[in-house]
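**Student:** Quick one: sequence and predicted model below, then my questions.
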Amino acid sequence: PLERKWAMISAQAMTGFATSVIACGCEAGIERVLSPDETPDGRPGVAIMIYAMGGKGLAKQLETRAGQCVLTSPTSALFAGIEGGKPIPLGKNLRYFGDGFQIAKKIGGKRYWRVPVMDGEFLTEATTGMVDAVGGGNFLVLAESQPQALAACEAAIEEMRKMPNVIMPFPGGVVRSGSKVGSKYASLGASTNDAFCPTLKGVTKT
């Protein structure tokens, strides 16, 4: 249905360019598609997860991405996916886009903002929760050929997608450029993992 299509579009936009905290500021991805009975407004939805190195960075990434990618997306609404934890702004500051026409609403003890936009209104929960989590878990796949390695990775990703509360933020869930900490260049905090680069096996410790 059309609502599911646009929910996915806004989720894809919000989680774009978020493969690694090293250069993107956060790691983000789509966790799963939600059925209408799982969402506060009874419409199809998409759950996303965002990971960052600290609370300040996470709050900034969340606000920027929500404002640029969800508020702008036709028919979208934005709700908290985490109950409890430390509250951080979700739509609390996005409300100012309403230029004084925004309206606060309390439903079931939760605060929401209704922001008028050109297709009607953007409904958003004021805050969401921030909790500690584990991010950046990678494992190496060794194979005799590139197609063999990729096939193994695709099979693994298919299985991991069945797990709750897990995202794979790299393209298609797979990273070809696994890095090591540090570099010969002082300005780089991470660089190619030369010990595992097949083209370097004759010139580096492998």
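**Tutor:** That came in fine, so what should we check first? None of these values were measured; they are calculated from a predicted model.

**Student:** Outline the domain layout of the chain.
**Tutor:** For the chain, the structural domains run 1-130, 146-200, going by the TED database.

**Student:** What's the mean pLDDT across the strand or helix carrying residue 30?
**Tutor:** For residue 30, the host element (DSSP states H and E) is strand 27-34. For strand 27-34, mean pLDDT is 96.

**Student:** got it, and stretch 114-132?
**Tutor:** On average, stretch 114-132 scores 97.

**Student:** What are the buried residues along the helix or strand bottoming out on mean pLDDT in the chain?
**Tutor:** Within the chain, confidence by mean pLDDT, DSSP states H and E is lowest for helix 21-24 among all helices and strands, at a mean of 88. Going by neighbour count (16 or more other Cβ atoms under 10 Å), the buried part of helix 21-24 is residue 21. To be clear about C-beta, it is placed using only N, CA and C from the backbone, and glycine gets the same treatment.

**Student:** top helix in this structure by residue count?
**Tutor:** Across the chain, the longest stretch assigned as helix under DSSP state H is helix 146-160.

**Student:** Which strands or helices does it pack on?
**Tutor:** Using 3 or more Cβ pairs under 8 Å, 6 or more residues apart in numbering; DSSP states H and E as the contact test, no helix or strand touches helix 146-160.

**Student:** Going forward, the N-terminal residue is numbered 13.
**Tutor:** In the new count, where the first residue is 13, that last one comes out as helix 158-172.

**Student:** In the sheet, which strands lie alongside the helix or strand just after it, parallel or antiparallel?
**Tutor:** Once the chain leaves helix 158-172, the next helix or strand it forms, by DSSP H and E, is strand 191-193. Strands that pair with strand 191-193, judged by DSSP bridges, come out as strand 202-204 (antiparallel).

**Student:** List of residues touching the strand it pairs with?
**Tutor:** 34, 189, 191, 192, 193, 194, 195, 196, 197 (Cβ atoms under 8 Å, 6 or more residues apart in numbering).

**Student:** Many thanks, I have nothing further to ask.
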